[in-house]
Every structure is written in C-alpha cells, then in structure tokens.
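Undergrad: How does the following fold in three dimensions:
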Amino acid sequence: MDDLQFDPGGSEPTIADVAAIAGVSIRTVSRVINNSPKVNKDTRERIQAAIHRLNFRPSLRARALSMGRSLLIGMVHHDRNALVLDTIQRGVGQEATRRGYEVISHAVPMTEADGIAHVLDFARRSRVDGLVVLPPVSGIPGLPDALRAERVHAVALSSVPITGYGTVLLSPERAAAGDVARYLLSLGHCRIAMITGPRAMVSARERRVGFIEALEEAGTPLLAEAEGDYGLAAGIEGAHALLSLPTPPTAIFAANDVMAAGVLKVAAERGIAVPSMLSVVGFDGSLLAEMLTPSLTTIVRPFGEMAQIATRHLIDLIEGEPPVEPDIPPLRLRESQSSAPPPA
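TA: Numbers count the residues shown, from 1 in each chain. The predicted model follows:
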C-alpha cells in the first residue's frame with residue numbers, strides 16, 4: 001500500500017480512491033465507515049490509514065445514495081417533560097452519530113387513529129430508515145402492525161411487553177414503584193398517599209398497581225390517592241387535596257418528578273417541613289430531582305443509556321445484523337433529602 005501513489009487530479013478523494021489505496025472493495029470501505037463489525041481488525045486499520053492518508057470525508061448524501069438509504073432515524077414521542085425528552089434525544093443522537101446517522105424528532109398526538117396516521121405520515125415524508133418509538137406512543141394499538149406493513153423498522157421502549165416491534169426495551173416500572181412502597185414502609189410510614197399519572201397511560205397504571213400491591217402485601221393499605229397528568233399543576237392540586245385530609249399522609253409518592261415538585265411547593269406554602277413532617281418521593285430521576293430543595297428521593301430511569309441501546313438495535317435491524325437480546329439497565333431508587341422516618 002505504501003508504494004501506491006494517489007493523484008487527486010484537483011478533485012476530492014472518493015470512496016473508490018480509498019478502496020484502491022487499501023486494496024479492498026468499495027463495500028468493505030463502506031462497512032468501516034458505518035462501523036460495521038463485519039470487518040476484521042487488520043483490514044479495518046488498513047482502510048482507516050487510507051482514509052487518513054487521503055483526508056477522505058464521506059458525504060452523507062453520497063453514502064445514503066450508495067447504500068439505498070436515507071441514513072435518517074426518526075424518534076417519535078408524546079412527552080411534555082422537556083428534561084426527560086432531552087436526555088432521551090441526546091442518547092439517541094449520540095449512538096446515531098457514532099453509526100453515521102442523523103436523527104429527526106417528531107411529536108405525535110395520543111389518539112389511536114390519529115396517532116397511527118401521524119407516525120406513518122412522518123415516516124413517509126421524512127423517508128427515515130427506521131424509528132425509535134417512545135412511550136406512550138409505542139403502546140398505541142395497531143401501530144406495530146401498521147409500521148410492519150409499511151416496511152418501517154421500529155424499536156420501542158415500553159413498561160409492558162408489546163408484540164410486533166423489531167425489539168422492545170422493557171422498563172419494569174411496576175416493580176420499581178413497589179420498591180418505593182417498601183422503602184417508605186421501611187422508614188416506618190403507615191399513612192401513605194399517592195398522586196398517580198393519567199389512568200389512560202400504561203406507565204401510570206403500572207406505577208399505581210405496583211405501589212398499591214406492595215403496600216397491601218405488607219398489610220398497609222393506601223391512605224388516599226389523587227389522579228394527575230404528570231404536570232406540575234396536577235402535582236400542586238393533588239398535594240392540596242391529600243394534605244387537606246382530616247388525617248393527612250406522612251408520605252406522598254408522586255408518579256413522576258414534576259408532580260413531586262408540585263408536592264414540595266405546596267408543603268412549603270403550608271409550612272409543612274420536608275422531610276421531618278412529610279416525606280416525598282418521585283419517579284424518573286431527571287435532573288429536576290437534583291435541582292429541587294430539598295433534593296428529591298426518586299426512582300432513577302436510565303433514559304440516556306436505554307435510548308442508546310434502542311438506537312443501536314434499530315441500526316442493527318436496518319443494516320441486517322443478527323438480532324441479539326437487549327441488555328436493559330435496571331431502575332433503582334435513589335435516596336435523597338426529601339425522605340425520612342415519620343414524625344414521632
């Protein structure tokens with residue numbers, strides 16, 4: 001290879017030039033550019049040396065045309081929580097960039113007919129090679145079948161099993177909510193209340209059921225509950241209702257960190273000290289939990305890591321790599337300043 005000379009003739013080097021210098025096929029060069037594992041170490045190093053020698057920069061458009069793909073990935077969602085969504089989008093973007101793809105994010109309305117139509121229309125218009133489908137969109141009945149009929153590769157995140165997607169990354173939210181209940185019981189709380197998410201959402205139902213079942217297994221029924229919508233106003237409204245009970249709770253589990261922030265706000269307004277008079281626990285482990293005062297005890301969901309794994313599996317599907325079982329990181333309870341034993 002060192003004896004070969006390259007005469008660019010005044011033009012930019014091409015993938016064919018790299019292949020000629022490295023003594024391999026254009027397809028093999030393309031695999032190295034796309035970080036495919038199908039190239040052995042010696043060949044990969046020879047190609048990378050040729051790329052460096054020629055100062056070759058592959059054009060996204062040229063790569064897409066040569067591969068018959070757009071090299072675009074869609075991320076479809078219905079999430080108002082900007083902190084959570086930003087973390088997921090960063091995870092998708094990091095893995096996509098590493099593999100030579102770009103990401104387009106698209107918000108979807110949460111009705112069955114409109115949701116499917118919006119996802120399909122987005123996939124057609126953007127000509128994405130595949131989709132990362134976030135909850136609650138992933139749970140729209142009929143969506144996996146509709147995507148499969150359109151030959152759109154899709155990987156989903158969900159709190160319950162779903163059939164029809166290429167891969168589903170399961171987040172065991174029922175079990176995690178049960179961990180919250182057992183944690184509060186271990187602190188000595190027996191007057192425990194909850195602000196749920198919207199019952200129409202699978203994640204909200206999973207968290208509610210897991211929390212209540214764990215309390216009942218320990219012989220401690222839920223004191224009271226208020227239904228929320230995962231928003232700050234719902235957390236404020238629910239906290240006012242629960243803390244106005246004749247016998248108020250000593251602990252409140254809010255089904256996400258945003259509603260838990262609402263509980264902390266109401267407690268401060270009412271002069272209820274947290275955690276000496278009231279313990280508050282959230283769910284998500286978003287940056288918000290650490291920004292609050294006191295900092296929030298919460299269930300940490302590894303959004304960024306799960307997004308990277310989902311994107312890796314999606315690109316493998318797109319590129320025809322053999323499917324493997326995803327290694328899903330666990331959810332865990334992070335104890336912080338907002339929880340303590342109940343007042344004596």
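
Undergrad: any weak-confidence spans in the stretch 201-344 of the chain?
TA: For the stretch 201-344 of the chain, no stretch is flagged by pLDDT under 70.

Undergrad: For the stretch 51-200 of the chain, just list every one of the strands.
TA: Secondary structure of the stretch 51-200 of the chain, counting by DSSP state E, counting those that start in this stretch: strands at 72-77, 102-107, 130-133, 153-158, 167-170, 192-196.

Undergrad: what's the first one packed up against?
TA: Strand 72-77 makes packing contacts with helix 82-98, strand 102-107, helix 112-126, strand 130-133, helix 303-318 when contacts are defined by 3 or more C-beta pairs under 8 Å, 6 or more residues apart in numbering; DSSP states H and E. No exception for glycine: its C-beta is placed from N, CA and C like everyone else's.

Undergrad: Would you state the helices of this structure in chain order?
TA: Secondary structure of the chain (DSSP state H): helices located at 15-22, 26-33, 41-54, 60-67, 82-98, 112-126, 143-149, 173-187, 202-217, 232-243, 257-270, 287-291, 303-318.

Undergrad: could the strands of the stretch 51-200 of the chain go into CSV alongside distance to Arg53?
TA: CSV is the format used below for the strands of the stretch 51-200 of the chain (distance: least, C-beta to C-beta, whole Å):
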stretch, distance to Arg53
strand 72-77, 30
strand 102-107, 27
strand 130-133, 34
strand 153-158, 35
strand 167-170, 38
strand 192-196, 61
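
Undergrad: of all these, which lies closest to Gly231?
TA: Across the strands of the stretch 51-200 of the chain, Gly231 has its closest neighbour in strand 192-196 (10.8 Å, C-beta to C-beta).

Undergrad: on that earlier part again, could you save the strands of the stretch 51-200 of the chain as JSON lines and add columns showing mean pLDDT?
TA: Formatted as JSON lines, the strands of the stretch 51-200 of the chain follow (pLDDT from 0 to 100):
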{"stretch": "strand 72-77", "mean pLDDT": "93"}
{"stretch": "strand 102-107", "mean pLDDT": "90"}
{"stretch": "strand 130-133", "mean pLDDT": "95"}
{"stretch": "strand 153-158", "mean pLDDT": "93"}
{"stretch": "strand 167-170", "mean pLDDT": "90"}
{"stretch": "strand 192-196", "mean pLDDT": "98"}
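
Undergrad: so what's Val133 closest to, chain neighbours aside?
TA: Among residues not flanking Val133 along the chain, Ala156 sits closest, at 4.5 Å (C-beta to C-beta, 6 or more residues apart in numbering).

Undergrad: I meant to write Ile192 there.
TA: Residue nearest to Ile192 in three dimensions, not counting chain neighbours: Ala251, with 4.8 Å by C-beta to C-beta, 6+ apart.

Undergrad: And for that neighbour, the neighbour number?
TA: When neighbours are counted by other C-beta atoms under 10 Å, Ala251 registers 28.

Undergrad: list the contacts for it?
TA: For Ala251, the contact set (C-beta atoms under 8 Å, 6 or more residues apart in numbering) comprises Leu184, Leu187, His189, Arg191, Ile192, Ala193, Leu278, Ser279, Val280, Val281, Ser339, Pro342.

Undergrad: make it 6 Å
TA: Leu184, His189, Ile192, Ser279 (C-beta atoms under 6 Å, 6 or more residues apart in numbering).

Undergrad: Next, work out how far apart Asp42 and Ala255 are.
TA: Distance, Asp42 to Ala255, by C-beta to C-beta, to the nearest Å: 53 Å.

Undergrad: Which one's more surrounded, those two?
TA: Neighbour tally, Asp42 and Ala255, criterion other C-beta under 10 Å: the higher count belongs to Ala255, 34 against 8.

Undergrad: Quickly note the distance from the closest residue to that one other than its chain neighbours to Ser158.
TA: Distance criterion C-beta to C-beta, 6+ apart; nearest residue to Ala255, sequence neighbours excluded, is Gly197 at 4.4 Å. For Gly197, the distance to Ser158 equals 15 Å [C-beta to C-beta].

Undergrad: the more surrounded of the two?
TA: Applying other C-beta under 10 Å to Gly197 and Ser158 shows that Gly197 carries more neighbours, namely 25 against 22.

Undergrad: so what's Ala175 scoring on pLDDT?
TA: The model reports Ala175 with a pLDDT of 96.

Undergrad: what residues are up against the closest residue to it other than its chain neighbours?
TA: Counting by C-beta to C-beta, 6+ apart, Ala175 lies nearest to Gly210, which is 6.1 Å off, once chain neighbours are set aside. Shown in contact with Gly210 (C-beta under 6 Å, 6+ apart): Arg174, Ala177, Gly178.

Undergrad: swap in Leu185?
TA: Leu185 is in contact with Ala218, counting by C-beta under 6 Å, 6+ apart.

Undergrad: same thing but at 8 Å, please
TA: Residues near Leu185 by C-beta under 8 Å, 6+ apart: Ile192, Leu215, Ala218, Thr220.

Undergrad: Ala224 now?
TA: Ala193, Met194, Leu242, Leu245, Pro249.

Undergrad: In contact with the first one, which residues?
TA: When contacts are counted by C-beta under 8 Å, 6+ apart, Ala193 touches Leu222, Leu223, Ala224, Glu225, Ala226, Leu242, Leu245, Pro249, Ala251, Ile252, Phe253.

Undergrad: neighbours around the fifth one, how many?
TA: Ala226 is surrounded by 19 other residues when neighbours are defined as other C-beta under 10 Å.
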